[in-house]
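Engineer: Coordinates for the following, if possible.
(one chain, ligands or ions: 1)
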Amino acid sequence: MNSGSDKQGLSKQEVIAKLQASGITPTQQRIVIGRQLFARPQHLSAEQVLAMVNEAGEARVSKATVYNTLNLFARRGLVREVIVDPTKVFYDSNTGEHHHMFDVETGELSDLMPGQLCVSGSPSLPGHMQVVGIDVVLRVRSAPAA
Ligand SMILES: [Zn+2]
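Structural biologist: Residues are numbered from 1 along each chain as shown. Next up is the predicted model:
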């Protein structure tokens, strides 16, 4: 996943435009992180983002910077935080509404296709509240052999 196919995903200019459109100052480190993250629809932990950025070798980025940047991107809606448990947070570059399946044995997070899982019913909300999103994480493991 290093040299060779560097033309995949967004160009540096496209990442800069995306950050600016969300009111984020495009520092070199944010651009490098954004290029890795927005390259395709994917679920990445902060550790994976850190490893990818360092592998790309375009800039030296600390772990703290990766965490801060991912938090900033999540607050501005550029990535979706999928919190499987407090120690396992994934950053999803697909910000469209969808649900997830988490394999508790392998630690793998995958998307559920639209229509595979439907949430029905709408609870009455207090006062001026409105629903801004519904996140379902289906937790699975391999079934015991019969
Ligand atoms: Zn997803």
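Engineer: Which positions in the helix ranked longest in the chain come out as buried?
Structural biologist: Longest helix in the chain by number of residues (criterion: DSSP state H): helix 63-75. Neighbour counts over helix 63-75 (16 or more other Cβ atoms under 10 Å) mark 65-66, 69-70, 72-74 as buried. Every C-beta, even on glycine, is put in place using the N, C-alpha and C of the backbone.
Engineer: cool, and stretch 30-38?
Structural biologist: Buried, per 16+ other Cβ under 10 Å, within stretch 30-38: 30-38.
Engineer: okay, those residues in JSON lines with secondary structure next?
Structural biologist: Shown next, in JSON lines, are the buried residues of stretch 30-38 (DSSP: H, G, I helix; E, B strand; the rest coil):
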{"residue": "Arg30", "secondary structure": "helix"}
{"residue": "Ile31", "secondary structure": "helix"}
{"residue": "Val32", "secondary structure": "helix"}
{"residue": "Ile33", "secondary structure": "helix"}
{"residue": "Gly34", "secondary structure": "helix"}
{"residue": "Arg35", "secondary structure": "helix"}
{"residue": "Gln36", "secondary structure": "helix"}
{"residue": "Leu37", "secondary structure": "helix"}
{"residue": "Phe38", "secondary structure": "coil"}
